[in-house]
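> this is a predicted model, with the sequence first.
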Amino acid sequence: MNKVARFLAPVLCALLLPVAWANPQVHEFMLDNGMKVIVKPDRRAPVAVSQVWYKIGSSYEEAGATGLSHVLEHMMFKGTEAIGPGEFSRIISELGGEENAFTSRDYTAYFETLSVEHLDRALELEADRMRNLKLDPQEFAKEIEVVKEERRLRTEDKPSGLTYEQLSAVAWRASPYQNPVIGWMNDLDNMELADLQRWYERWYAPNNATLVVVGDVEPLDVLEKAKKHFGPIQPSELGTLKPMLEPKQRGLTRVTVRAPAKQPYMLMGYKTPVVGHAEHEWEPYALFVLASVLDGGASARLSTELVRKQKLAASAGAQYDAYARLPNLFLFDGTPTDGHTTADIEEALREQIERLQQELISEQELKRVVTQAVASKVYQADSMFYQAMEIGMLETIGLDHRMLDKEIDRLRAVTPEQVREVARKYLVEDNLTVATLVPQEIQPAVSRVEETVGDSHGG
């Protein structure tokens, strides 16, 4: 897996092409308080996956308040009036289940996988912490240190993560995608419990949430359980978000990142539309095909040309995520081999882009991309978790999950001419930001005694 895939949010990366293969009927309900309930029966095992998705993530946060969504995710495991810190996890574990959570730019989600006979208990616990979370000052003081250490490990001490963070920060002028999901360290240092309390009271409400259940369940039975546990919860006044439109970029942007590292590294990011934000409906699918032609296995162009033939790159990748709440970046990355530089990698990547702008991809390449997409759907459809995840993710970013049923057909409909057109339209210098990592000397590690700050959840 290339570095782009490793340091982006793991969940988003796994969902470049969500799954809806051989999809049995999906049942949708709406509770009186505005909470959506979506149920997809899957009879292969007496198991259920329960996921609660909140329309809140780092892209909702304002300057000076970054990291709130992620820290609140951690605090959601620290107890309510009814159960103590860590009890949620202990109860699910004793029932033989697994649980966790994750925060992204566009959503926060909580999930349990357990025997279907214990689904009622899982929903009871989720409903309890939707409104009855106990934000304890001592637990907050411990958990904020956990999050800060997580930031150090995942970003500040990880050259590729730091480079991506800097790329995003300068690529976007107005879009909230400029801020890291985990938050800026200064904002974490100055976060107060009252900030979390306000964030929780505003966004953690039934009218801002979707419950997705996949497994050996009866849809009407799940609905009754949802009504029992979530139905009595009153909705919140969510307010209206102001539009966050990115101004037109007026030329190439560059940023240099100096950090301790063993190897140089470079990232290129082109501003591109996503599903629901494109001028033409087919454009995101053509961009996905384009990314897969470049980086879709050992026979893809970047691996063949830059790594094996030219031996310029130890690794080189391309990635495009078609599903997001706001327009996104089409990413290229590369690490040069000894004797070559990041400038060599950038030049080689630009040559590959120019080739796509001048020449049509082959029918063989197009067939390979579609074949891989079908195989991915068949493989991921074996997972109840990912079946639930694709539904929850699309619904939470404002798309209809039923579009998944047509996704393969839309990919099959992409033509070589359309791939060339999106390359000419979007992969241009006025949409481009380049981040270059210049390695600095790695200092010897200094041993230190650290106080245990408690368990953490999510990421």
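Cool, got the structure. In this text the structure is predicted, and so the values were computed from the model without any measurement. Numbering: from 1, shown residues only.
> the strands in the stretch 251-400 of the chain, which residues?
Secondary structure of the stretch 251-400 of the chain (DSSP state E, counting those that start in this stretch): strands located at 253-260, 265-272, 313-319, 328-336.
> tabulate those strands in a markdown table, adding columns for distance to E365 and mean neighbour count.
Where you see a C-beta, it was placed from the backbone N, CA and C, and this is true even at glycine. Putting the strands of the stretch 251-400 of the chain into a markdown table (distance: least, Cβ to Cβ, whole Å; neighbours: other Cβ atoms under 10 Å) gives the following:
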| stretch | distance to E365 | mean neighbour count |
| --- | --- | --- |
| strand 253-260 | 31 | 14 |
| strand 265-272 | 20 | 25 |
| strand 313-319 | 14 | 23 |
| strand 328-336 | 18 | 26 |
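> quick one: closest of those to R43.
Closest of the strands of the stretch 251-400 of the chain to R43 is strand 313-319, at 35.2 Å (criterion: Cβ to Cβ).
> the closest one to strand 265-272, inter-axis angle?
Orientation of strand 313-319 against strand 265-272 (axes from the mean of the first three to the mean of the last three Cα atoms, to 10 degrees) gives an angle of 20 degrees.
> who are the packing partners of strand 313-319?
Applying 3 or more Cβ pairs under 8 Å, 6 or more residues apart in numbering; DSSP states H and E, one finds that strand 313-319 contacts helix 3-7, helix 283-294, helix 301-302, strand 328-336, helix 342-358.
> ok, which of these comes nearest E390?
Closest among those, using Cβ to Cβ: helix 283-294, at 15.0 Å.
> how's this structure carved up into domains?
Using automatic domain parsing, the domain ranges for the chain come out as 3-229, 253-440.
> adding distance to K242 and mean pLDDT, write the ones you listed out as JSON lines.
What follows is those, written out as JSON lines (distance: least, Cβ to Cβ, whole Å; pLDDT from 0 to 100):
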{"stretch": "domain 3-229", "distance to K242": "10", "mean pLDDT": "91"}
{"stretch": "domain 253-440", "distance to K242": "13", "mean pLDDT": "95"}
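> returning to what we had before: now tabulate the strands of the stretch 251-400 of the chain in a markdown table and tack on distance to S292.
What follows is these, written out as a markdown table (distance: least, Cβ to Cβ, whole Å):
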| stretch | distance to S292 |
| --- | --- |
| strand 253-260 | 26 |
| strand 265-272 | 15 |
| strand 313-319 | 9 |
| strand 328-336 | 12 |
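> for the stretch 1-150 of the chain, which segments count as strands?
Using DSSP E, counting those that start in this stretch, strands in the stretch 1-150 of the chain cover 27-30, 36-41, 47-54, 98-103, 108-115.
> before we move on, back to that, rebuild the helices and strands packed on strand 313-319 as JSON lines, extending it with distance to G64.
Shown next, in JSON lines, are these (distance: least, Cβ to Cβ, whole Å):
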{"stretch": "helix 3-7", "distance to G64": "25"}
{"stretch": "helix 283-294", "distance to G64": "33"}
{"stretch": "helix 301-302", "distance to G64": "39"}
{"stretch": "strand 328-336", "distance to G64": "24"}
{"stretch": "helix 342-358", "distance to G64": "33"}
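> ok, which of these comes nearest R173?
It's strand 328-336; of the helices and strands packed on strand 313-319, that one is closest to R173 (Cβ to Cβ) at 13.3 Å.
> and the helices in the stretch 351-459 of the chain, which stretches?
Under the criterion DSSP state H, counting those that start in this stretch, the stretch 351-459 of the chain contains helices at 363-380, 384-396, 407-412, 416-426.
> other SSEs contacting the second one?
This means helix 384-396. Using 3+ Cβ pairs under 8 Å, 6+ apart: helix 384-396 touches helix 10-14, strand 36-41, strand 47-54, strand 108-115, strand 209-215.
> report the angle between it and strand 209-215.
Using the same axes, to 10 degrees: helix 384-396 against strand 209-215 is 150 degrees.
> now do the buried residues in helix 384-396.
384-396 (16 or more other Cβ atoms under 10 Å).
> nearest to A435, of these?
Minimum distance to A435 across the buried residues of helix 384-396 is 26.8 Å, recorded for M393 (Cβ to Cβ).
> now for the residue in the chain sticking out farthest from the centre: which residues touch it?
Computed with Cα atoms, centre = their mean, the residue of the chain farthest from its C-alpha average is G339, at 35.2 Å. Counting by Cβ atoms under 8 Å, 6 or more residues apart in numbering, G339 touches no other residue.
> so how far is A313 from it?
12 Å (Cβ to Cβ, to the nearest Å).
> cool, and L133?
For L133, the distance to A313 - Cβ to Cβ - is 47 Å.
> ok but L238 is inside a strand, no?
No: using DSSP: H, G, I helix; E, B strand; the rest coil, the assignment for L238 is coil, not a strand.
> burial measure for it, as a count.
14 (other Cβ atoms under 10 Å).
> now it. Its backbone dihedrals?
Note on L238: backbone dihedrals following degrees, to the nearest 10 are phi -80, psi -30.
> how about it: what's its closest non-neighbour residue?
N208 (5.8 Å; Cβ to Cβ, 6 or more residues apart in numbering).
> burial count for the one you found?
19.
> which ones are touching it?
Here N208 is in contact with 34, 54-56, 236, 238 (Cβ under 8 Å, 6+ apart).
> quick one, phi/psi of H277?
Torsion angles, degrees, to the nearest 10, at H277: phi -130, psi 10.
> quick check: it touching L326?
Yes: counting by Cβ atoms under 8 Å, L326 is a contact partner of H277 at 7.3 Å.
> out of those two, which sits in the busier spot?
L326 (19 against 14).
> coming back round to it: now the domains of the chain in a markdown table, with distance to M244?
Converted to a markdown table, the domains of the chain look like this (distance: least, Cβ to Cβ, whole Å):
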| stretch | distance to M244 |
| --- | --- |
| domain 3-229 | 6 |
| domain 253-440 | 7 |
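> list the buried residues in stretch 278-292.
In stretch 278-292, counting by 16+ other Cβ under 10 Å, buried: 278, 282-292.
> I should have written stretch 211-226 there, sorry.
Buried residues in stretch 211-226 (16+ other Cβ under 10 Å): 211-217, 219, 222-223, 225-226.
> and it, how far apart are its ends?
End-to-end distance for stretch 211-226: 8 Å, by Cα to Cα, to the nearest Å.
> list of residues touching it?
27, 29, 31, 35-53, 116, 119-120, 123, 126, 230, 384-385, 387-388, 391-392, 395.
> mind listing what A261 touches?
Counted by Cβ under 8 Å, 6+ apart, A261 has contacts 159, 437, 439-440, 442.
> V52 now?
So V52 contacts 109-111, 126, 130, 209-212 (Cβ under 8 Å, 6+ apart).
> out of those, which is nearest to L167?
A109 (25.6 Å).
> tell me the spacing between the residue lying closest to the closest one once chain neighbours are set aside and P176.
Nearest residue to A109, sequence neighbours excluded (Cβ to Cβ, 6+ apart): W53, at 4.7 Å. Separation of W53 from P176 (Cβ to Cβ): 19 Å.
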